[in-house]
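*Asks:* could you work out the structure for the sequence below:
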Amino acid sequence: MLNRRWWDAAVIAASLVTALAMSVGLTDAAAREIAVAIGAILLFAVAYAFVARPGLADRRPWRLPVFAGLAAVALATGCSVQPFFAIFQAIAYPLVWVLAARRRPAIIGSAVVALGVFVGVSLFAGILAGGDGVLGAVGAAVASAAFGFAFAVAFGLWISSIVEYGEERARLVAELTTAQGEVESLSRDRGAAAERERLSRDVHDTLAQTLAGLAILAERAGRQLADERTDAAADTIATVERLSRDALEEARAIVSRTAAVPSDAALGDAVDRLLSRFRAETGLTIDLELRLDSDGVLGRESQLVMLRCLQESLANVRKHAAATRVRVLVSAGPSGGAVLEVVDDGGGFDPAARRDGFGLEGMAERVALAGGEFEISSRPGVGTTLVVRLPGTTSTSEVTG
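*Replies:* Numbering: from 1, shown residues only. So this is what the prediction gives:
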């Protein structure tokens, strides 16, 4: 609609067709009438070139009334001597709607153009009819102008609705694009936060626990050396060396986002190593009961959840329980489900009381992500029982820890 070349071609074509029609005798026009019609063509061309054409890119408010007025004068003048001049309606009406910023000014501008057509056709028909035929000529002029006006308004409103729909759609698309960008940004932030939480859990459940054990063993070795128990100190230092290597493996596993245990380790072997390390660090009596179905296949991520929870529960026993004995049950069935139970004879605590720390909450969140159940029962003076139940692989998908 705003391509100037198309409008230029339309105005030139209408001007040439009208001038050619009068010059080759397609219309019965005298020389004076031809001159008037050519003057009307020039007036319309001037109105287009200096008012309407620049308005295709610069819709200043004054352009619409000026162009509508000049076009009406040109149409009235041209149609008064040659009805064929009404062809310029096909250009004047669309230009009025293009120049208008709103529908109401466009309708008013179309009415002005229609008035010019009415005046021109009335003058021409009235002059030819004369006398009693004037009323009939006026009626014909009204019909001609009204038809052109009605068609222009209907077509203009239809085009305007399409344009408004397109603009609304473009606005909605822009808003949707913005919203999608915001959602994408929030998703990245959420993913980054989830990754930070995962790394926090891994560091807390692996490196932090191992380093805490190293600190305890280092203090023990210092006391043994101070008491000149060199053999015991050497054993403790050997344990420190072994734990340091384990910590290095755990760090590498976290970096590569794999389980912090050797890739070929079965659950039972990993539990044995973990309990052996804990016995060496604390001197506690730990009873282990393994019920692993040889036909069952426990997923690696489920193994990781079990080991992390066992590691954290033993760390809590060491730090808070003041226990002398711990019983650990690890079972896995043929369906892939697993149960971990850790029972200590320590001082216990109130599970409903507010707690500082990340351990129990981290375990509960890890188990929930795996689709399992986390239970803890305790009260002051009677010890603590922690139970983790993981579903089989057929009932839930494993979630990476």
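*Asks:* which element is the residue nearest the centre of the chain on?
*Replies:* Residue closest to the average C-alpha location in the chain (Cα atoms, centre = their mean): Q180, at 2.2 Å. Using DSSP states H and E, Q180 maps to helix 134-202.
*Asks:* tell me the helix or strand right after that helix.
*Replies:* Using DSSP H and E, the helix or strand that directly follows helix 134-202 along the chain is helix 209-226.
*Asks:* how far does that next one sit from the chain's center?
*Replies:* On the basis of Cα atoms, centre = their mean, to the nearest Å, helix 209-226 sits 52 Å off its chain's mean C-alpha point.
*Asks:* now swap in stretch 99-118 and tell me
*Replies:* How far stretch 99-118 lies from its chain's middle: 44 Å, per Cα atoms, centre = their mean.
*Asks:* so what does the helix or strand where L290 lies touch, helix or strand wise?
*Replies:* If you go by DSSP H and E, L290 is part of strand 285-292. Packing contacts for strand 285-292, counted by 3 or more Cβ pairs under 8 Å, 6 or more residues apart in numbering; DSSP states H and E, involve helix 267-282, strand 325-332. C-betas here are computed from N, CA, C, even on glycine.
*Asks:* ok, and for it, which residues are buried?
*Replies:* Across strand 285-292, burial judged by 16 or more other Cβ atoms under 10 Å covers I286.
*Asks:* between the next helix or strand after that strand and helix 209-226, how many degrees?
*Replies:* Later in the chain than strand 285-292, the nearest helix or strand by DSSP H and E is helix 300-316. Comparing the axes of helix 300-316 and helix 209-226 via axes from the mean of the first three to the mean of the last three Cα atoms, to 10 degrees yields an angle of 40 degrees.
*Asks:* by contact count, what packs against helix 300-316?
*Replies:* If you count contacts as 3+ Cβ pairs under 8 Å, 6+ apart, helix 300-316 packs onto helix 209-226, helix 267-282, strand 325-332, strand 338-344, helix 359-369, strand 384-390.
*Asks:* mean confidence for the second one?
*Replies:* When the per-residue pLDDT values of helix 267-282 are averaged, the result is 81.
*Asks:* still on that earlier bit, most packed of the helices and strands packed on strand 285-292?
*Replies:* Comparing the helices and strands packed on strand 285-292 by mean neighbour count (mean count of other Cβ atoms under 10 Å), strand 325-332 comes out on top with a mean of 20.
*Asks:* partner strands of that one and their direction?
*Replies:* strand 285-292 (parallel), strand 338-344 (antiparallel) (DSSP bridges).
*Asks:* worst average pLDDT in those strands?
*Replies:* Ranked on mean pLDDT, the bottom entry among the strands paired with strand 325-332 is strand 285-292, at a mean of 87.
*Asks:* can you list contacts of it?
*Replies:* If you take Cβ atoms under 8 Å, 6 or more residues apart in numbering as the criterion, strand 285-292 is touched by 267-268, 271-272, 275, 278-279, 298, 324-332.
*Asks:* low-scoring stretches of the stretch 151-300 of the chain, by residue?
*Replies:* 187-188, 191-192, 194-195, 198-199, 201-207, 249-250, 252-266, 294-297 (pLDDT under 70).
*Asks:* which parts of the stretch 1-150 of the chain are helices?
*Replies:* Ranges of helices in the stretch 1-150 of the chain, per DSSP state H, counting those that start in this stretch, are 4-23, 31-47, 53-55, 63-81, 89-99, 103-129, 134-202.
*Asks:* from the contact counts, what lies against the last one?
*Replies:* Helix 134-202 sits against helix 89-99, helix 103-129, helix 359-369, with contacts defined as 3+ Cβ pairs under 8 Å, 6+ apart.
*Asks:* out of those, which is the most enclosed?
*Replies:* Stretch with highest mean neighbour count among the helices and strands packed on helix 134-202: helix 89-99 (a mean of 23; mean count of other Cβ under 10 Å).
*Asks:* for that one, list the C-alpha coordinates in PDB.
*Replies:* Taking C-alpha atoms only, helix 89-99 is exported to PDB below (Å, rounded to 0.1, in the frame of the first residue of the first chain):
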ATOM      1  CA  GLN A  89     -11.900   7.700  -8.100                       C
ATOM      2  CA  ALA A  90     -10.100   4.400  -8.100                       C
ATOM      3  CA  ILE A  91      -6.900   6.300  -7.100                       C
ATOM      4  CA  ALA A  92      -8.400   9.100  -5.000                       C
ATOM      5  CA  TYR A  93     -10.300   6.900  -2.500                       C
ATOM      6  CA  PRO A  94      -7.400   4.500  -1.700                       C
ATOM      7  CA  LEU A  95      -5.000   7.500  -1.300                       C
ATOM      8  CA  VAL A  96      -7.400   9.100   1.200                       C
ATOM      9  CA  TRP A  97      -7.400   5.900   3.300                       C
ATOM     10  CA  VAL A  98      -3.700   5.600   3.100                       C
ATOM     11  CA  LEU A  99      -3.100   9.200   4.200                       C
END
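*Asks:* off-centre distance for it?
*Replies:* Distance of helix 89-99 from its chain centroid, counting by Cα atoms, centre = their mean, is 42 Å.
*Asks:* same check on stretch 80-94?
*Replies:* Distance, centroid of stretch 80-94 to centroid of chain: 53 Å (Cα atoms, centre = their mean).
*Asks:* pull the residues that contact that stretch.
*Replies:* Contacts with stretch 80-94, where a contact means Cβ under 8 Å, 6+ apart, come from 1, 7, 10-11, 14, 17-18, 21-22, 26-27, 29, 33, 36-37, 40-41, 44, 48, 68, 71, 74-75, 78-79, 110, 113, 117, 119-121, 123-124, 127, 144, 148, 151-152, 155-156.
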